[in-house]
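In: below are the sequence and a predicted model for it; my questions follow.
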Amino acid sequence: MKKNTSFPTTTTTVGAELMSEVEGTVQGHRDGHGFLVRDDRQPDLYLSPQEMRAVLHRDRVKARIIRYDRKGRPEGRVLEILERRKAPIIGRLLHESGIWLVAPEDKRYGQDIMVPKNAIANATAGQVVAIELTEAPSLYSQPMGRVTEVLGEIDDPGMEIEIAVRKYEVPHRFTPETLAQSAALPDKVRAADCKHRIDLTDVPLVTIDGEDARDFDDAVYCEPARIGRVKSPNGWRLIVAIADVSHYVKPGEPIDDDAYERATSVYFPRRVIPMLPEKLSNGLCSLNPNEDRLAMVCDMLVTAAGEIHAYQFYPAAICSHARFTYTEVAAILANTRGAEAARRAELVPHLLDLNEVYRALLKSRGQRGAVDFETTETQIVCDENGRIEKIVPRVRNEAHRLIEETMLAANVCAADFIALHKHPALYRVHEGPTPEKKTLLQSYLKALGIGLSISDDPTPGEFQAIAAATKDRPDALQIHTMLLRSMQQAIYTATNSGHFGLAYEAYTHFTSPIRRYPDLLVHRVIKALLHGKRYHLSTGQLEEAPKPRRGAKPVKANGHEGEIWEAAGAHCSANERRADEASRDVEAWLKCRYMREHLGEEFAGTVTAVTSFGLFVTLDALYVEGLVHITELGGEYYRFDEVKQELRGERTGVRYTVGARVRVQVSRVDLDGRKIDFRMVRDTVEDAALIRARRDRLVGRSASAVAELSAVKETDRAVKAAAKGKARNGAPKAGAHPVRAAKAAAHKSSPKATRRH
């Protein structure tokens, strides 16, 4: 859970909040305690294990602030349970000492659920089940429930996905009404569907996607074009055709209701939970090669400098002339006389034009100062049983970047078109760093002494300049990671605040309506505007709209309509995060299962994050991340420096920072907690150096003590010799004192005396 660190620290704040009542959602912790995430977004309330006995993870409750700890963090007492989650809880059915119970797979629930013998359905011990609560927990009793669904054995192929979709409440079954409506759709595009559309079936549009792609949202085409009164081409005509999902999915219909509820497709290794039924996502709407399809087209003129000179939107009928993969296109662009190019000879000139317009758009991106960090993404390759066979880096080549830039161009045109008409819609907003993150980043860059920082009102260009200036440094990974973490998460909202990372004043998503609901809404808005109408999200109806004029006052949606657009943005953003969390959960489970086969083995890795409790290390060979707890770093105290993002040993001065190279051993794998623990294996050369340093210090101290002892003995011998001389020779000469003289001579020869001088 994300911790809220903005705790009240003053006596006034604490006094004002003490004994006040607040509402929020319970977030459990696997250690038994929990937190109340407040509705008013104020600091979370700590809930003790005793308080958590009567509530469950994700319950909505009312609580009272009863005290603050010495750091000013509030603690709460539950007063009333406002709402209990009705979603089923997933866990393993156990039979212990004659009692049936379910251990929740999500450890944040904190306690097992008892099941009467007559409520286990046909499940057997050890199976994964879904359970519905029949009796809530209390201070003196455990919760009770009944089995509603038997998922199967924990080792069944794909079980981790079945668990995740229920754990995160991802809708994974279409309603009967949606399936019936989908079945009634035609198998092919009909002639009637092509009326009032531009016929682009003879234009050699092509799709470029990954090898494992099944739904094709977009097709592209480019040719040289003349911009202005010139005799020869000085720019390009770029066509981006996007599947016209809005033609088949109408507001208020069952398919639309299910699509809104999902808001996005969810991608797992070897399986996809689609937003739309397969007949649409992989069939009627997918831009499959050599098949007529309906599309919404963004037709652009791009200058040699990469600026979009003009654009227009229109509905069209298209026919994809080929299905390319990124690997294939990259090979053709790298060698136009190779085997891949020979097989696609008639389309190679158009690919070269696409490459040229991509280069121009890339130049414009650099001039805008858009942030562009090179990161390593990984791909999980599974075997037939759904287990990890290997994890490989997903290499981004020029074809990936080509498609990315063309899609960005279409998206920014869509945002501009909607903003010009002053029509409400969902923008893709990415804001700059918060004041807290900005201050932390400024302090971090200052501590590094690299001579570059960000201003109090930072721009994307400042971030990109720092990234470019530090890309060859040994700590480049650490610096780029801090830059990325300082930025806020992108969201969907009806309020256009621009896109910080891409350096756009307005940006939206237009290019993936098969798998993103916001894109479908953007298509509906653009279609309405093309017909001179306005689209009402609340009703799905259209009404006449005034013609747009630059500088005209915006025609705002009324309060209710505006609230609906904002609610839709919040819903789509939340479901996008839910999909990401479910995907990460499945990948973490698969990686834990994979790493159980490597217990005790040693690997080289890189520190990817530093915290107060240890280091997160990603293994070079396996691309798996795990934790080296601070207790595994050696027998000394390590201090965490938040500004420098490092752990430093107080005695030896050993430092661990992001990007540091280490060697670790796989020590523990917690499949239920999705955690992998490493143990630090010190490098032999480093160990030898530390041993030599300690030995030298000890030897130095020993040598010093021996020298001082020898000096004392020498003094004693001198004193005794002087005394004997006095006895033999009588009184000493005037002005001389034999004992003092001997002591002075011995003192001059002492190393200690030398140090004092």
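Out: The structure has been received and is ready for your questions. Residues are numbered from 1 along each chain as shown.
In: residues contacting H95?
Out: Counting by CB atoms under 8 Å, 6 or more residues apart in numbering, H95 touches A125. In this view, the C-beta of every residue, glycine as well, is placed from N, C-alpha and C.
In: looking at the helix or strand where it lies now, give me its mean pLDDT.
Out: Assigned by DSSP states H and E, H95 belongs to strand 89-96. Mean pLDDT, strand 89-96: 93.
In: can you give me the strands in the stretch 401-550 of the chain?
Out: Listed in chain order, the strands of the stretch 401-550 of the chain (DSSP state E, counting those that start in this stretch) span 427-429, 491-493, 533-535, 542-544.
In: most tightly packed of the ones you listed?
Out: Most buried of these by mean neighbour count (mean count of other CB atoms under 10 Å) is strand 427-429; its value is a mean of 25.
In: ranges for the helices of the stretch 1-150 of the chain?
Out: 11-17, 49-52 (DSSP state H, counting those that start in this stretch).
In: and the contacts of the last one?
Out: Defining contact as CB under 8 Å, 6+ apart, one finds that helix 49-52 is touched by V26, G28, G32, H33, G34, G76, R77, V78, G110, L139.
In: reformat the residues you listed as a markdown table; add pLDDT, neighbour count and distance to S710.
Out: Shown next, in a markdown table, are the contacts of helix 49-52 (pLDDT from 0 to 100; neighbours: other CB atoms under 10 Å; distance: CB to CB, whole Å):
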| residue | pLDDT | neighbour count | distance to S710 |
| --- | --- | --- | --- |
| V26 | 94 | 25 | 72 |
| G28 | 92 | 24 | 68 |
| G32 | 89 | 15 | 63 |
| H33 | 92 | 16 | 63 |
| G34 | 93 | 27 | 67 |
| G76 | 92 | 25 | 69 |
| R77 | 93 | 15 | 71 |
| V78 | 93 | 21 | 74 |
| G110 | 86 | 22 | 68 |
| L139 | 83 | 8 | 74 |
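In: tell me which entries of those residues lie within strands.
Out: Per DSSP state E, strands hold the following members of the contacts of helix 49-52: V26, G28, G34, G76, R77, V78.
In: which one of the residues you listed sits closest to A570?
Out: Closest approach to A570 among the ones in strands among the contacts of helix 49-52 (CB to CB): V26, at 20.7 Å.
In: from E51, how far out is that closest one?
Out: 9 Å (CB to CB, to the nearest Å).
In: between the two, which contacts overlap?
Out: G34.
In: residues in contact with stretch 357-375?
Out: So stretch 357-375 is contacted by 222, 236, 238, 302-307, 398, 401-402, 405-406, 408-409, 459-465, 467, 480, 483-484, 487, 500-504 (CB under 8 Å, 6+ apart).
In: mind doing that once more with 7 Å?
Out: 222, 236, 238, 302, 304-307, 401-402, 405-406, 409, 459-461, 463-464, 467, 480, 484, 501-503 (CB atoms under 7 Å, 6 or more residues apart in numbering).
In: since we're on L362, how many residues are nearby?
Out: When neighbours are counted by other CB atoms under 10 Å, L362 registers 18.
In: could you do D217 as well?
Out: The number of residues packed near D217 is 24, by other CB under 10 Å.
In: same check, this time on H629
Out: 15.
In: contacts only, for it.
Out: With CB under 7 Å, 6+ apart, H629 has these contacts: F613, G614, D677.
In: circling back to that earlier point, lowest mean pLDDT across the helices of the stretch 1-150 of the chain, which one is that?
Out: The bottom spot among the helices of the stretch 1-150 of the chain, by mean pLDDT, belongs to helix 11-17, with a mean of 53.
In: centre-most residue in the protein?
Out: Nearest to the geometric centre of the chain sits D580, at 8.1 Å (CA atoms, centre = their mean).
In: what's the most distant pair in the ones in strands among the contacts of helix 49-52?
Out: Checking the ones in strands among the contacts of helix 49-52 with CB to CB, the most distant pair is G28 and R77, at 16.4 Å.
In: show me where the stretch 251-400 of the chain has its strands.
Out: Going by DSSP E, counting those that start in this stretch, the stretch 251-400 of the chain shows strands at 266-268, 271-273, 292-303, 308-319, 322-325, 377-382, 388-394.
In: now render those strands as a markdown table, adding distance to I99, mean neighbour count and mean pLDDT.
Out: Formatted as a markdown table, those follow (distance: least, CB to CB, whole Å; neighbours: other CB atoms under 10 Å; pLDDT from 0 to 100):
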| stretch | distance to I99 | mean neighbour count | mean pLDDT |
| --- | --- | --- | --- |
| strand 266-268 | 35 | 22 | 94 |
| strand 271-273 | 36 | 17 | 94 |
| strand 292-303 | 59 | 23 | 97 |
| strand 308-319 | 63 | 19 | 97 |
| strand 322-325 | 55 | 19 | 96 |
| strand 377-382 | 37 | 15 | 85 |
| strand 388-394 | 36 | 14 | 86 |
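In: and of these, who's closest to A213?
Out: Comparing these by CB to CB, strand 322-325 comes nearest, at 8.2 Å.
In: pull out the buried members of the contacts of H629.
Out: Among those, those classed as buried by 16 or more other CB atoms under 10 Å are G614, D677.
In: keep only those of the contacts of H629 that are in strands.
Out: G614, D677.
In: which residue is the nearest non-sequential neighbour of V624?
Out: Distances taken as CB to CB, 6 or more residues apart in numbering put K591 closest to V624, at 5.1 Å, once the chain neighbours are dropped.
In: kindly report the same for P224.
Out: Closest residue in space to P224, ignoring its immediate chain neighbours: P233 at 3.5 Å, by CB to CB, 6+ apart.
In: for D353, see how far away the one you found is.
Out: Distance from P233 to D353, by CB to CB: 10 Å.
In: so what sits against both of the two?
Out: P224.
In: looking at these two, which one has more neighbours?
Out: When P233 and D353 are compared for neighbours, D353 comes out ahead with 19 against 14, by other CB under 10 Å.
In: N355 touches T336, doesn't it?
Out: No. With contact defined as CB atoms under 7 Å, N355 does not reach T336; the gap is 10.2 Å.
In: quick one: contacts of stretch 425-435?
Out: With CB under 7 Å, 6+ apart as the test, stretch 425-435 has contacts from 415, 418, 441, 458, 486-488, 490-494, 496-501, 506-509, 518, 521-522, 525, 565, 568-569, 572.
In: which ones among those residues are found in helices?
Out: Secondary-structure check on the contacts of stretch 425-435 using DSSP state H: residues within helices are A415, I418, L441, S486, P518, L521, V522, V525, W565, A568, G569, C572.
In: hang on, the earlier thing: can you pull the buried residues of the strand holding H95?
Out: I89, I90, G91, R92, L93.
In: from those, which single one is nearest G145?
Out: So of those, ranked by how close each gets to G145 (CB to CB), first place is I89, at 7.3 Å.
In: distance to E21 added to the strands of the stretch 251-400 of the chain, as TSV?
Out: Shown next, in TSV, are these (distance: least, CB to CB, whole Å):
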stretch	distance to E21
strand 266-268	38
strand 271-273	40
strand 292-303	51
strand 308-319	52
strand 322-325	59
strand 377-382	46
strand 388-394	49
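In: picking that back up, mark which of the contacts of stretch 425-435 are buried, thanks.
Out: 415, 418, 441, 458, 486-487, 490-494, 496, 498-501, 506-509, 518, 521-522, 525, 565, 568-569, 572.
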